[in-house]
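Asks: After the sequence you'll find the predicted model.
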Amino acid sequence: MTREEFISGLSRIGNVELRSQPNGQVLAVLSPQPVPGTGRSSRVAFMLSDSVSSRPPAYVDGDLRTRTGRVPNNWSTVVVGTDVLGTWSFNCPWDPAKDTPEALVLAVLAQWDR
Amino acid sequence: MPEVRGTQPLLEGLEALLSSDREELLIGFGHGAVDSDWLLLVDGCRLAGEHEVKRDANGLHWTGELTSALYAEAKSSDRGVVLIHAHGGQGRLPQPSRTDLKTADEILPHFGMLLPDVPHAYVVVNRTNACGWMQLANDRKGVEDVRVSTLPIRHWPSEVVGEPKPLTRDDRPARALGSRGIGAIRRSTIGIVGLGGAGSQVAEMLAHAGVGHLILVDADVVKEVNLSRTHGTTPEAIGEFKVATAGRLVARISPESKVTTVEEAFPSRSLLRVLRDVDVIISCVDNPNARNEVNRFSLRYAIPLIDLGTTISEEPFRVDGHLSVVVPGSHCLRCLGHVSDVILAADAEAARGGRYGMSEGRPQVVSFNGLLASAAVTETLKLLTGFAGNSFTSMEWHYDAVGGELRRIKTADGRCRECSWYSFKGDGA
């Protein structure tokens, strides 16, 4: 899947802001989406290379918490403009050859329903 | 407060303005930060060329060609425009002339309309102070400071700053640093990120030095294991936030100092606002991700950064420490090798392995941090008072506790891609 195809998939859900990164990658930031079980919304962002050959690193709002008020153990935050996004690693068998970007957004958000 | 901030190019431009025997116009361009107060980060400037202005017996005059040239240059790089010229005098505010008022009234709304997303400024300086205006779209505010983040840091505030009220406690340091040096310390704001073994000692020493405002940042609470190395902690403090313990210590030592405590890990959105206008950030963090983010933050907002840390390794037993002074516009922590993709990946890998990260549970000894903490405070005082002269380059020390050596080491030759990317970008990076 190309970067453009991935971004096109995200655009079917909401507005996408693209932010260039110093290493040639692009951070695609999707407008806030409802987070299951938390009663709030969060942006979802992905760090994209030219070609998306595996699951790209995912980001959500830096102040997002699970229903129990926690964050994953290896949670870390990064600054994007004036915003803070958080990232962590999670097991997700998303395959760009078979799965859609929309499905990955849902998988990311579902991680917080606990 | 609305501020124009820059580094070596801005300083050289201001010195050229102030030393010229005729009227000159300094033209600068910079990215903006408008999330809280307005900030224009000047990353390039030059004196107006002879072909861009007209001169007569009354001085220097604006031309339409200059307006067009400035607009084209600003538009092509999404930067704001700052125009600076100098009036004589010192120890008082420069008085804008009728021409200044007229020019600012015409030029600033023009650029505000054409380039509404970044601030633009018109500033008059003398040797000690500045006055002027900053425009963002249709809004205008008075410029309150022109700051040059070099070593030492220089300010041209929009109010006349008198000598500090002499305090008996300042008698000895004043003999070394002078009353102006003491004044600079008392007016300064220093952010300390990480209040563990090193940060707590830095905070304590800066309180003794009489720093005007200390912003203490740490999300952790005091645990029993911290008693062995974190200054100010006692068994009674176990369970309270480290910043609360450190803040109480600072308040006891220096009641005149203002203390702000933030119980959050760096970075957080509120911290970005709180730390954006400090004079110096001292990074005493113990994890690579936070060090990476502090580094980027200091680059983006042109804030001098002092970073310190120690590593104790076994077989053979070694204690290695580093102290880095990052001067904006020069090498960053990534250039100096303290942040790298390899280090960040190793930390992430350690986290995936079930540990918190590379820093969790590492060996620590109180005195190993002490020497570097002391050196960090000395470097902070250099930045604030200029007692060691001028520098535009970052500096690096290596500490070998086993061999008993603290030595200055050569910094990297080139600058990294990331620091070129983030430097002076403000809110835009």
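Replies: Cool, the structure landed.
Asks: low-confidence ranges in chain A?
Replies: For chain A, no stretch is flagged by pLDDT under 70.
Asks: And the helices in the stretch 301-429 of chain B?
Replies: For the stretch 301-429 of chain B, the helices defined by DSSP state H, counting those that start in this stretch cover B:341-352, B:366-385, B:417-422.
Asks: highest average neighbour count across the ones you listed?
Replies: Most buried of those by mean neighbour count (mean count of other CB atoms under 10 Å in any protein chain shown) is helix B:366-385; its value is a mean of 21. (Each C-beta comes from the backbone N, C-alpha and C, glycine too.)
Asks: Just the CA atoms from that one would do, formatted as PDB, please.
Replies: What follows is helix B:366-385, C-alpha atoms only, in PDB (Å, rounded to 0.1, in the frame of the first residue of the first chain):
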ATOM      1  CA  VAL B 366      24.400  10.600  45.300                       C
ATOM      2  CA  SER B 367      27.800  12.100  44.800                       C
ATOM      3  CA  PHE B 368      28.200  11.000  41.200                       C
ATOM      4  CA  ASN B 369      25.400  13.400  40.300                       C
ATOM      5  CA  GLY B 370      26.700  16.100  42.500                       C
ATOM      6  CA  LEU B 371      29.700  17.200  40.500                       C
ATOM      7  CA  LEU B 372      27.700  17.400  37.300                       C
ATOM      8  CA  ALA B 373      24.900  19.200  39.000                       C
ATOM      9  CA  SER B 374      27.300  21.800  40.300                       C
ATOM     10  CA  ALA B 375      28.900  22.200  36.900                       C
ATOM     11  CA  ALA B 376      25.400  22.600  35.400                       C
ATOM     12  CA  VAL B 377      24.600  25.400  37.800                       C
ATOM     13  CA  THR B 378      27.900  27.100  36.900                       C
ATOM     14  CA  GLU B 379      27.000  26.900  33.200                       C
ATOM     15  CA  THR B 380      23.600  28.400  34.000                       C
ATOM     16  CA  LEU B 381      25.200  31.300  35.800                       C
ATOM     17  CA  LYS B 382      27.500  31.800  32.700                       C
ATOM     18  CA  LEU B 383      24.400  32.000  30.500                       C
ATOM     19  CA  LEU B 384      22.700  34.400  32.800                       C
ATOM     20  CA  THR B 385      25.600  36.700  33.800                       C
END
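Asks: Tell me which residues touch the residue of chain A positioned farthest from its centre, please.
Replies: With CA atoms, centre = their mean as the measure, chain A has its most outlying C-alpha, relative to the mean C-alpha position, at A:T68: 20.9 Å. Each residue near A:T68 by CB atoms under 8 Å, 6 or more residues apart in numbering or on different chains is listed here: A:R114.
Asks: Now A:V78. Its backbone dihedrals?
Replies: Per-residue torsions, A:V78: phi -130, psi 150 (degrees, to the nearest 10).
Asks: Check A:L27 too.
Replies: Taking degrees, to the nearest 10 as the convention, A:L27 sits at phi -90, psi 120.
Asks: Hmm, it is touching A:V16, no?
Replies: No: A:L27 is beyond contact range of A:V16, at 10.3 Å (criterion: CB atoms under 8 Å).
Asks: Could you dump the helices of the stretch 301-429 of chain B into TSV and include mean pLDDT?
Replies: Shown next, in TSV, are those (pLDDT from 0 to 100):
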stretch	mean pLDDT
helix B:341-352	81
helix B:366-385	96
helix B:417-422	90
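Asks: so can I have TSV of those showing distance to chain A?
Replies: As requested, those are exported to TSV (distance: least, CB to the nearest CB, whole Å):
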stretch	distance to chain A
helix B:341-352	3
helix B:366-385	23
helix B:417-422	3
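Asks: right, and those - which one's nearest B:T168?
Replies: Distance to B:T168, taken as CB to CB, is lowest for helix B:366-385 among the helices of the stretch 301-429 of chain B, at 19.6 Å.
Asks: counting contacts, what elements does that closest one pack onto?
Replies: Counting contacts by 3 or more CB pairs under 8 Å, 6 or more residues apart in numbering or on different chains; DSSP states H and E, helix B:366-385 packs against helix B:171-187, helix B:197-209, strand B:280-283, strand B:305-313, strand B:318-326, strand B:395-400.
Asks: what comes up buried for the fifth one?
Replies: Looking back up the chat, that one is strand B:318-326. B:319-326 (16 or more other CB atoms under 10 Å in any protein chain shown).
Asks: Residue numbers of chain A in contact with chain B?
Replies: A:21-23, A:62-63, A:73-74, A:76-79, A:81-84, A:89 (CB under 8 Å from any CB of the partner chain).
Asks: and those, which of them are in helices?
Replies: Judged by DSSP state H, helices contain none of these.
Asks: Restricted to buried residues, select the residues you listed in PyMOL.
Replies: To isolate the buried ones among these in PyMOL, judged by 16+ other CB under 10 Å, type:
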select buried, chain A and resi 62+63+74+76+77+78+79+81+82+83+84+89
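Asks: and of the residues of chain A next to chain B, the nearest to B:T103?
Replies: A:T82 (31.6 Å).
Asks: The closest residue to B:M205 other than its chain neighbours: what's it in contact with?
Replies: Leaving out its chain neighbours, the residue that sits closest to B:M205 by CB to CB, 6 or more residues apart in numbering or on different chains is B:V377, at 4.4 Å. Neighbouring residues of B:V377 by CB under 8 Å, 6+ apart: B:202, B:205-206, B:209.
Asks: Same question for B:G196.
Replies: Residues near B:G196 by CB under 8 Å, 6+ apart: B:218, B:220, B:226, B:229-230, B:242, B:284, B:286.
Asks: Which members of these are the farthest-apart pair?
Replies: Spatial extent of these (CB to CB) is set by the pair B:D218 and B:R229 at 14.1 Å.
Asks: Compare neighbour counts for those two and give me the winner.
Replies: Comparing B:D218 with B:R229 by other CB atoms under 10 Å in any protein chain shown, the one with more neighbours is B:D218, at 27 against 19.
Asks: leaving aside the residues next to it on the chain, what's closest to that one?
Replies: Once flanking residues are discounted, B:D218 sits nearest to B:L195: 4.1 Å by CB to CB, 6+ apart.
Asks: Then B:G80?
Replies: Setting aside the residues directly before and after it, B:G80 is nearest to B:V118 in space (CB to CB, 6+ apart), at 3.8 Å.
Asks: and that neighbour, how many neighbours?
Replies: Neighbour tally, B:V118, other CB under 10 Å: 28.
Asks: and it, what helix or strand is that in?
Replies: Under the criterion DSSP states H and E, no helix or strand holds B:V118.
Asks: ok, it - contacts?
Replies: B:30-32, B:34, B:40, B:74, B:78-80, B:136.
Asks: Distance of it relative to B:V143?
Replies: Using CB to CB, to the nearest Å, we find B:V118 at a distance of 15 Å from B:V143.
Asks: ok, back up a step: of all the helices and strands packed on helix B:366-385, which one comes closest to B:T7?
Replies: Once the helices and strands packed on helix B:366-385 are compared by CB to CB, strand B:318-326 is nearest, at 11.5 Å.
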